[in-house]
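A.B. asks: can you look at this prediction? I've put the sequence above it.
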Amino acid sequence: MHKDIGKILITEKELDEVTARIAAEIDRDYADGKKLVLVCILKGSLMFMSDLMKKITVPLEIDCMRVSSYGCGTTSSGAINIILDLIRPDLAECDLLIIEDIIDSGSTLSYLTRYLVNKGARSVRTCTLLDKPSRRKVQFVPDYVGIEIPDEFVVGYGLDYAENYRALPYVGVLKPEIYSE
């Protein structure tokens, strides 16, 4: 275990099982020939989407957006900034599935869902690896949820603190002394 991790919350094996379960749900829901486009929210969702898309058997395309609601700290600023937008000439024919690493307040995914519907996507659904419903500030329920977790600061498997820890193959709880210095 990495020296800055207080405990492993979700093991590699558990992550593999969760992605397999979600992929099966997506296969079931998109088996009717919809034009499924997975939209990775960079950078945190990259590992999750990579593993998830390998397990999905229905035809799909991928795209990316980069969105920020955090400054340099551990709490959201509340302002949603689109840094890399989704631009597709065929958006009206696309069934978008936003892939997110974690939902805290719900503000980002709530905003993005409305934004992409207003841009003209045929449909927009959401998928998150981790969900912290205890931190919700807006009414938002994702369509696909990997694991509900407690209100702890987690890193690994794409999630970071100051751009560190993303490459850990598990999700761990970061020791508070690391982010409260």
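C.D. replies: Structure received.
A.B. asks: where does this protein have low pLDDT?
C.D. replies: Counting by pLDDT under 70, the chain contains low-confidence ranges at 1, 70-78, 181.
A.B. asks: output the longest helix belonging to it.
C.D. replies: For the chain, the helix that runs over the most residues, judged by DSSP state H, is helix 12-29.
A.B. asks: in that helix, what's buried?
C.D. replies: 15, 18, 19, 22, 23, 26, 29 (16 or more other CB atoms under 10 Å). Just so you know, the C-beta spots here come from the backbone N, C-alpha and C atoms, and that holds for glycine as well.
A.B. asks: the helix or strand containing residue 7: partners in the sheet, and parallel or antiparallel?
C.D. replies: For residue 7, the host element (DSSP states H and E) is strand 5-10. Strand 5-10 has the following sheet partners, assigned by DSSP bridges: strand 171-174 (antiparallel).
A.B. asks: now do the strand it pairs with: everything it contacts.
C.D. replies: 1-2, 4-10, 15, 130, 149, 152-157, 159, 161, 165 (CB atoms under 8 Å, 6 or more residues apart in numbering).
A.B. asks: what bridges to the residue most central in space within the chain?
C.D. replies: Centroid-nearest residue in the chain: residue 100, 1.2 Å away (criterion: CA atoms, centre = their mean). Bridge pairing for residue 100 (DSSP bridges) gives the partners residue 128.
A.B. asks: swap in residue 148?
C.D. replies: In beta-bridge terms (that is, DSSP bridges), residue 148 pairs with residue 131.
A.B. asks: I'd say it and residue 133 touch.
C.D. replies: Yes - contact between residue 148 and residue 133 holds when scored by CB atoms under 8 Å: they sit 6.4 Å apart.
A.B. asks: look at the two and report which has more neighbours.
C.D. replies: For residue 148 and residue 133, the more surrounded residue by other CB atoms under 10 Å is residue 133, and the numbers stand at 15 against 12.
A.B. asks: could you measure from that one over to residue 157?
C.D. replies: 20 Å (CB to CB, to the nearest Å).
A.B. asks: ditto for residue 134
C.D. replies: For residue 134, the distance to residue 157 equals 21 Å [CB to CB].
A.B. asks: hang on, the earlier thing: redo the buried residues of helix 12-29 as TSV? Include distance to residue 44.
C.D. replies: Formatted as TSV, the buried residues of helix 12-29 follow (distance: CB to CB, whole Å):
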residue	distance to residue 44
15	14
18	16
19	15
22	16
23	19
26	19
29	24
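A.B. asks: many thanks, have a good one.
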